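Visitor: fold the stuff below for me.
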Amino acid sequence: MRALHIITGLGVGGAEQQLRLLLRHLPVDCDVVTLTNPGPVAAGLAADGVRVTHLGMTGNRDLAALPRLARVIRRGRYDLVHTHLYRACLYGRIAARAAGVRAVVATEHSLGDSQMEGRPLTAAVRGLYLLGERLGRATVAVSPTVAERLTRWGVPAPRVTIVPNGVDLARFAYDPAARRRTRERLGLPADAFVVGAVGRLAPGKRFDVLIRALGRLPDDCRLLLVGGGPQEGALRRAAREAGVAGRVLFAGERPYTDDLLSGTCGGPDLPALASAMDVLAAPSAEEAFGLAVVEALAAGLPVRYTSCPALQDLPLDAAPGARRVPCDAGAYARALAEVRAAGPGPRTAPEAARHYCITRSAARLMDVYAAALAAPHIPLQAPLRSPDTPVTPVHVSVQQGADPS
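Guide: Next up is the predicted model:
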């Protein structure tokens, strides 16, 4: 089987890194097209031997990208196209059907009740999504919660399949040596109580709640924020105003694997940072899955969270170290103080983390592929014509060539 994955961008983000992790475990010949931003994950995919093509899309309304993408798909002679993230799902489904591909699958990574990929949901966004969804064969939801949201939107339930995000358990296993090295490198005292938070620095993640909570905790407590985004400046101001600027460390974006670090952000990778933490806090009130929480559990961390469908869909005893906390600074201060007072426990992964092992997710996705390929093929009546506009390959570290073949 030959498959093409189409994604909006390949910067250091959850969906992007999840794609790279999946491709390492799928027994399929896969290429990748990124519509925009061939960032660090593109280089990582290339290092894995995956061919990556940068389509050079200039914006959401760059309709000329459609025939270019259709030409990439035709020349690759793919059996299946798999799209990821809103823009790629919309353009990718249309182009794949125009190219006459046998099956089209899309993964919905980040659908909330009021936002998608950190942006407010509107009637226009929903309408375009539903129009594009009809061109696919199946839509993958990363949790039952997302599946329910999709059907509430109007996606027929038989078209929705749940394939949860996966975690590389071996990569996130607690490493005491990495803990010591990481704390030394970041200037964190060996005896400090480190509260970790991982995610895009955007208003919806509510990291401001943790900054206010930190002000109510003892001086030996630190907050380690891992991620980048538009709210960094506001969070730094909030830390200064709360009098805790010296106890908040902004680690920036960090990849899952250290092979991306030398040419990008430097410093420890995400698993090493998880080993350096004492607890993970996730105050976001709306999540599609809660990957940061599951990764923290894989690192043996206690977790305090507000929304995590990945855990809410499992029995309570699957993650005994996880507790729900209201999205409130006082509630988080009390919850984190309780974790600090309890002292360190064994850093072993609970059943919840093992439930989301990446190999299990890859096997489920292969079942989706098999079903999509077995269904009758319905061609699109009016295929797009391809202009002569060239497709731009990613930088030199990615395999050269205008189109996958």
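
Visitor: okay, CA-based contacts and neighbour counts for the rest of this
Guide: Will do.

Visitor: what is the neighbour count of the nearest residue to Val244 once chain neighbours are set aside?
Guide: Once flanking residues are discounted, Val244 sits nearest to Gly215: 6.2 Å by Cα to Cα, 6 or more residues apart in numbering. Gly215 has 20 neighbours, counted by other Cα atoms under 10 Å.

Visitor: just list the residues touching Asp219, thanks.
Guide: With contact set as Cα atoms under 8 Å, 6 or more residues apart in numbering, Asp219 has these partners: Arg247.

Visitor: three-state assignment of it?
Guide: When classified by DSSP: H, G, I helix; E, B strand; the rest coil, Asp219 comes out as coil.

Visitor: now it. Its backbone dihedrals?
Guide: The phi/psi pair for Asp219 (degrees, to the nearest 10) reads phi -70, psi -20.

Visitor: cool, Thr58 as well?
Guide: phi -100, psi -10.

Visitor: isn't it up against Thr36?
Guide: Yes - with contacts counted by Cα atoms under 8 Å, Thr58 reaches Thr36, the gap being 7.4 Å.

Visitor: which of the two has more residues huddled nearby?
Guide: The neighbour comparison of Thr58 against Thr36 (other Cα under 10 Å) goes to Thr36, with 19 against 12.

Visitor: and the more buried one, what does it touch?
Guide: Counted by Cα under 8 Å, 6+ apart, Thr36 has contacts Thr8, Gly9, Leu10, His54, Leu55, Gly56, Met57, Thr58.

Visitor: did I read that right, it in a helix?
Guide: No - when classified by three-state DSSP, Thr36 is found to be coil rather than part of a helix.

Visitor: how many neighbours does the nearest residue to it once chain neighbours are set aside have?
Guide: Of all residues beyond its chain neighbours, the one nearest Thr36 is Gly9 (4.9 Å), with distances taken as Cα to Cα, 6+ apart. Gly9 has 23 neighbouring residues, counting by other Cα under 10 Å.

Visitor: confidence score at Gly9?
Guide: Listed pLDDT for Gly9 reads 93.

Visitor: do the same with Ser405
Guide: Confidence score, pLDDT, at Ser405: 29.

Visitor: just checking, Ala319 touches Thr348?
Guide: No - applying Cα under 8 Å, one finds Ala319 not in contact with Thr348, separated by 11.0 Å.

Visitor: higher neighbour count, these two?
Guide: Taking neighbours as other Cα under 10 Å, Ala319 and Thr348 compare with Ala319 leading, 19 against 14.

Visitor: quick check: that one vs Val293, distance?
Guide: Applying Cα to Cα, to the nearest Å, the value for Ala319 to Val293 is 10 Å.

Visitor: Cys357 and Asp168 touch, don't they?
Guide: Yes - taking Cα under 8 Å as the definition, Cys357 is a contact partner of Asp168 at 6.3 Å.

Visitor: looking at this structure, which helix is longest?
Guide: Using DSSP state H, we find that the single longest helix of the chain is helix 358-374.

Visitor: mind listing residues that contact it?
Guide: 21-22, 25-26, 79-80, 102-105, 137-138, 161, 163-169.

Visitor: now, of those residues, which are buried?
Guide: 21-22, 26, 79-80, 102-105, 137-138, 161, 163-169 (16 or more other Cα atoms under 10 Å).

Visitor: please flag which of the residues you listed sit within helices.
Guide: Those of the buried ones among the contacts of helix 358-374 lying in helices (DSSP H): Leu21, Leu22, Leu169.
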